[in-house]
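Student: Build me a model:
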Amino acid sequence: MTAPDPVQRPREFLTYLFQAAVKRALPLHNTAAYLPSPPANGGLTIVLGAGKAGAAMAQAVEAHWPVDVPLSGLVVTRYQHTPVRPAELDGKPVRIEIVEASHPVPDAAGLQAAQRILDLTQGLTADDVVLCLISGGGSALLSLPVKGLDFADKQRINQALLNSGAPISEMNCVRKHLSRIKGGRLAAACFPAKVVTLTISDVPGDDPSIIASGPTVPDDTTCAQALAILKRYNIDVPTSIAEQLASGALETPKSNDPIFKGHVVHMTATPQQSLEAAAEAVRNAGLRAYILSDDMEGESREVGTVQAALARAAAKSRPKSADLVQTQTFVRPCVILSGGETTVTVRPRLPGAAKGRGGRAGEFCLGLAHSLQGLSHVYALAADTDGIDGVQDNAGAYVDPTTLERAEALGMKIHDHLDRNDAYGYFEPLGDLVITGPTFTNVNDFRAILIL
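Tutor: Predicted coordinates for the structure are as follows:
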């Protein structure tokens, strides 16, 4: 596909960049090289997995796995995140079962799927291979509470973590210690089979122990840390669970545990790779590309404010010589790219106020638009690469020089929407939502700011 002209069609150009980033992370394109050899001595190959990209990863495995070699398994993904079977699977039997469950708050379907996955590890031997397909979202989809923790309490704690503004590393530290399957416990259940993990990163730093709360890799966080996080954000847990955390009774397997010997982890797609794919598309269109970082964290609106300052600086300058190009941090025309996982701290709702709707990408756009104040020649797109921003039907939103003006003409004040975390309610009437549907992958947030 030819890139749209960024000057004449800036919104379409930004969408094109987002599509380039997503395409780089699609499992069908990046799985074959990492598949293990079929086990010798008549061993089994079992596929287990969870995440927003889980179904697409399972289909990629089936597309590349030899038809005459036995394969079976179970993968859980988010509702409506199972893609149409690709042409590569035409005429081939379905060998990996795919089930769907709720995200980001767990439901009974996810609970049942997690139990079934754990059950499939029973009776494995050293001759068997377990191929685990892990992607972002797996924490909610693999919800199997430790004994003594009611499922309703697990749901409540998970929702409180989502609302707290805690970074993903802290949320997943708690989730690991309250789970029978996360934090390396799935690997423990697979022992003595060999475990090969293919993972798509959706976390800052690409740490496999954080992706989906690391069900197949060692966990070096502790019960004490999990308890401290719960206290920091004033999240209540049952007394018996707090006591077990305090005593270390819910500790997870660590890196020196022999159960991990011989295990292999392959990172098949990362946020940085997707940003580089977008940067290449920018350069091919004749513009400069700057990648800030693939692992930015912090409050979404504040990250938007900071990046607005960078856009303003770039908008003031145009190169006049080769020397100036070397000394300017950002020189237009350019695109500033970034990824990572920002957070949204949900504000208390005032009596009678409408409930806010939106996610990280939309809140970033609110902060960006508010700070830019209609600055000319600056356009932006922020979206979640899985196609869903929070729990709405949009991936994110667009910002352009007319955003505030058009909103005010409709009687909307941006600070009102910031106050109630209502990005969806702000950008929907403007026709500025990015709506893609599920993309069947997940390498976290994608942000592109075009300065002409």
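Student: CA atoms for contacts and neighbours, from now on please.
Tutor: Noted.
Student: What are the structural domain limits within this structure?
Tutor: Domain assignment of the chain by automatic domain parsing yields the ranges 10-23+271-451, 26-144+179-218+253-269.
Student: can you put those in JSON lines and add distance to residue 168?
Tutor: Below are the domains of the chain laid out as JSON lines (distance: least, C-alpha to C-alpha, whole Å):
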{"stretch": "domain 10-23+271-451", "distance to residue 168": "8"}
{"stretch": "domain 26-144+179-218+253-269", "distance to residue 168": "7"}
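Student: weakest of the ones you listed by average pLDDT?
Tutor: Among those, domain 10-23+271-451 carries the lowest mean pLDDT, a mean of 91.
Student: now the end-to-end length of that domain.
Tutor: End-to-end distance of domain 10-23+271-451: 10 Å, with C-alpha to C-alpha, to the nearest Å as the criterion.
Student: Begin at 13, not 1, for the rest of this chat.
Tutor: Yep, numbering from 13; the last one is domain 22-35+283-463 now.
Student: Pull the distance from that domain to the chain's centre.
Tutor: Averaging C-alpha positions (C-alpha atoms, centre = their mean, to the nearest Å) puts domain 22-35+283-463 16 Å from its chain's average.
Student: next one: stretch 190-200
Tutor: Averaging C-alpha positions (C-alpha atoms, centre = their mean) puts stretch 190-200 20 Å from its chain's average.
Student: which stretches of the stretch 63-212 of the chain form helices?
Tutor: Using DSSP state H, counting those that start in this stretch, the helices of the stretch 63-212 of the chain run over residues 66-76, 120-131, 150-153, 163-176, 180-189, 197-202.
Student: Now render the domains of the chain as JSON lines, adding mean neighbour count and distance to residue 243.
Tutor: Listed next are the domains of the chain as JSON lines, based on neighbours: other C-alpha atoms under 10 Å; distance: least, C-alpha to C-alpha, whole Å:
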{"stretch": "domain 22-35+283-463", "mean neighbour count": "20", "distance to residue 243": "17"}
{"stretch": "domain 38-156+191-230+265-281", "mean neighbour count": "21", "distance to residue 243": "18"}
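Student: So for residue 179, which of these sits nearest?
Tutor: Residue 179 lies closest to domain 22-35+283-463 among these, at 6.6 Å (C-alpha to C-alpha).
Student: Where does residue 15 fall, secondary structure wise?
Tutor: With elements delineated by DSSP states H and E, residue 15 resides in a region that no helix or strand encompasses.
Student: May I have stretch 384-398 exported as CSV, CA atoms only?
Tutor: Extracted C-alpha coordinates of stretch 384-398, given in CSV (Å, rounded to 0.1, in the frame of the first residue of the first chain):
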residue,chain,number,x,y,z
LEU,A,384,-1.2,22.1,22.2
GLN,A,385,-4.2,24.6,22.2
GLY,A,386,-4.8,24.2,18.5
LEU,A,387,-1.2,24.6,17.4
SER,A,388,-1.1,24.6,13.6
HIS,A,389,0.6,21.9,11.6
VAL,A,390,0.5,19.4,14.4
TYR,A,391,-1.5,16.2,14.1
ALA,A,392,-1.5,13.1,16.3
LEU,A,393,-2.8,9.6,16.7
ALA,A,394,-2.6,7.5,19.8
ALA,A,395,-4.0,3.9,19.9
ASP,A,396,-3.6,0.6,21.6
THR,A,397,-2.1,-1.9,19.2
ASP,A,398,-4.7,-4.6,20.2
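Student: rewinding a little: looking at the helices of the stretch 63-212 of the chain, which is closest to residue 456?
Tutor: Closest to residue 456 of these is helix 180-189 (C-alpha to C-alpha; 11.4 Å).
Student: Using CSV, write out every CA atom in that closest one.
Tutor: As requested, the backbone C-alpha atoms of helix 180-189 are provided in CSV (Å, rounded to 0.1, in the frame of the first residue of the first chain):
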residue,chain,number,x,y,z
ILE,A,180,1.8,-2.8,35.1
SER,A,181,4.8,-4.2,36.9
GLU,A,182,3.2,-3.5,40.3
MET,A,183,-0.2,-4.8,39.2
ASN,A,184,1.3,-8.0,38.0
CYS,A,185,3.4,-8.5,41.1
VAL,A,186,0.1,-8.6,43.1
ARG,A,187,-1.6,-10.8,40.5
LYS,A,188,1.2,-13.4,40.5
HIS,A,189,1.1,-13.9,44.3
